[in-house]
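In: structural data only, the sequence is not supplied:
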């Protein structure tokens, strides 16, 4: 589909608001139409006249215009398949931290499901917007330093969207240029997983040193965010030494540190502070930019005042038991009772994003979503060192113990390689649960299937009967394969289309 960032007015109420509001802050801004073409393009839409090609051209003649265009590239993070709900829900449904037997947990996925095509569309709209910004800024003649910085930001964002595509589908078509004609993409083939991973890594290696340590707008991609994403890519590719090095780049910025209190991470009073590296900026006053964590995980709406209902998910007992009883994270993340009353069906509630005052609105929550935070970097660092050296090093112990000390639990020592590896796998669950990591961690560790089979018995889910190695990836949307015969389906989904 040839999609445009259609002109729309955005009222900006406060200069300290989120990136989509702070960058586009001068009174009211018309988001100018930027032609982006995705793989499901329709010929008739390509034949439509753009709102104003002259306006698009002029947009990139000034720093302000180029900044607005790059800011527009962030908007897709709020779309389907991303952080309004889909990404982090998909990351825990059907894993060992979810007690739900429905949704993704049944593992009866088919390539004809609308969600895959919706996520594909959002991803390539985002990549198309980034490609347009990159292509046009390269040709711009405004201040060179500003031009390099904006190019680096847009390229890092594009790498971030391709990272999502990689974790969803593996290899996908690799588009790097602005698309102005269907002929450029109608028969495009998938890059391999390794080719796509190399592209992402090459981009991040080049742009990370060029990005700002402290952007004027706190919600923008920073040097720390770029190196964090690079560390994740190195882990995915089992490049352990480089993964440790990328984490050291983040640590060496001397910008980030853990909050003293775990609960402060998820408090609106401390958003974009010392532990937060990159967060999705939500605001309850703007429907399109309000969070959905509470809507999905919170109490049922009709029993909000009592807090004894339950939202769309719960935790299995086995995950609850992974915490030591005195672990301070347990009381923030999970609960068996509220105000002395058990939850219905004796389920374990996920309360990580709850406002304990009960003043949040279910579908208009302003709490930011933490995509990258410093605790994740410390855990990646410890994991990379253990894998690289074949045993935990002093630095690996220091990193994981810093997190455990905040949680009020004992430090670890004298572990062998396998024991430390198992510790890290559990520690990532305890620390980072419901933050968009778990499924993708299990996949890269190669233990998704065995984990699902084990937990499915506990929660009476049929997922254990259907899960297979095919579910390490999502199916390529059948609609895309129909339109482009050069797109090959992921193994295991060849006969699942409806």
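Out: Here it is on my side, so go on. In this text the structure is predicted, and so the values were computed from the model without any measurement.

In: now do the residue in the chain sticking out farthest from the centre, the pLDDT please.
Out: The outermost residue of the chain, judged against the average C-alpha position, is residue 340 (35.3 Å), by C-alpha atoms, centre = their mean. Here the pLDDT value assigned to residue 340 is 75.

In: would you list every one of the helices in the stretch 251-400 of the chain?
Out: In the stretch 251-400 of the chain, the helices defined using DSSP state H, counting those that start in this stretch lie at 293-297, 317-320, 328-333, 374-389, 394-406.

In: where does the prediction get shaky in the stretch 201-350 of the chain?
Out: Along the stretch 201-350 of the chain, the model assigns pLDDT under 70 to residues 284-312, 344-345.

In: which residue ranges of it form strands?
Out: Using DSSP state E, counting those that start in this stretch, the strands of the stretch 201-350 of the chain run over residues 276-280, 314-315, 334-335, 337-338, 341-342, 348-350.

In: give me the contact list for the third one.
Out: Under the contact criterion C-beta atoms under 8 Å, 6 or more residues apart in numbering, strand 334-335 has outside partners 315, 319, 320, 323, 343, 348, 349, 350, 351, 352. (C-beta placed from N, C-alpha, C; glycine too.)

In: I'd say the last one and residue 432 touch.
Out: Okay, so that is residue 352. No - using C-beta atoms under 8 Å, residue 352 is not in contact with residue 432, being 10.4 Å away.

In: who touches residue 123 in this structure?
Out: Applying C-beta under 8 Å, 6+ apart, the residues contacting residue 123 are 76, 81, 161, 164, 165, 168, 172.

In: tell me the spacing between it and residue 281.
Out: Using C-beta to C-beta, to the nearest Å, one obtains 20 Å as the distance from residue 123 to residue 281.

In: and what of residue 215?
Out: Taken as C-beta to C-beta, the span from residue 215 to residue 281 is 13 Å.

In: more neighbours, those two?
Out: A count of neighbours by other C-beta atoms under 10 Å puts residue 281 above the other of residue 215 and residue 281, at 25 against 16.

In: how about stretch 426-446: buried residues?
Out: 427-444 (16 or more other C-beta atoms under 10 Å).

In: go on, stretch 137-151?
Out: By neighbour count on 16+ other C-beta under 10 Å, the buried set for stretch 137-151 is 137, 140, 142, 147, 149, 150, 151.

In: first-to-last residue distance for that stretch?
Out: When the termini of stretch 137-151 are compared using C-alpha to C-alpha, to the nearest Å, they are 7 Å apart.

In: what's the average pLDDT for that stretch?
Out: On average, stretch 137-151 scores 95.

In: again, but for stretch 489-498
Out: Stretch 489-498 comes out with an average pLDDT of 77.

In: also stretch 181-197?
Out: On average, stretch 181-197 scores 88.

In: buried set for it?
Out: Of the residues in stretch 181-197, 182, 185, 188, 190, 191, 193, 196, 197 count as buried by neighbour count, 16+ other C-beta under 10 Å.

In: equivalent analysis for stretch 399-415, please.
Out: 399, 400, 401, 402, 403, 404, 406, 407, 409, 412, 415.

In: which residues touch that stretch?
Out: 258-262, 324, 326-329, 375, 378-379, 381-382, 385, 392, 397, 420, 423-424, 427, 430-431.

In: of those residues, keep whichever come out buried.
Out: Buried subset of these (neighbour count, 16+ other C-beta under 10 Å): 258-259, 262, 327-329, 375, 378-379, 381-382, 385, 392, 397, 420, 423-424, 427, 430-431.

In: before we move on, back to that, for the contacts of strand 334-335, work out which two are farthest apart.
Out: Farthest pair in those (C-beta to C-beta) is 323 and 343. Separation: 17.5 Å.

In: just checking, what packs against whichever strand or helix holds residue 72?
Out: Per DSSP states H and E, residue 72 falls inside helix 63-72. Packed against helix 63-72, as judged by 3 or more C-beta pairs under 8 Å, 6 or more residues apart in numbering; DSSP states H and E, are the following elements: helix 53-59, helix 114-139, helix 144-169.

In: mind listing what's buried in the second one?
Out: In terms of neighbour count (16+ other C-beta under 10 Å), helix 114-139 has its buried residues at 116-117, 119-137.

In: good, wrapping up.
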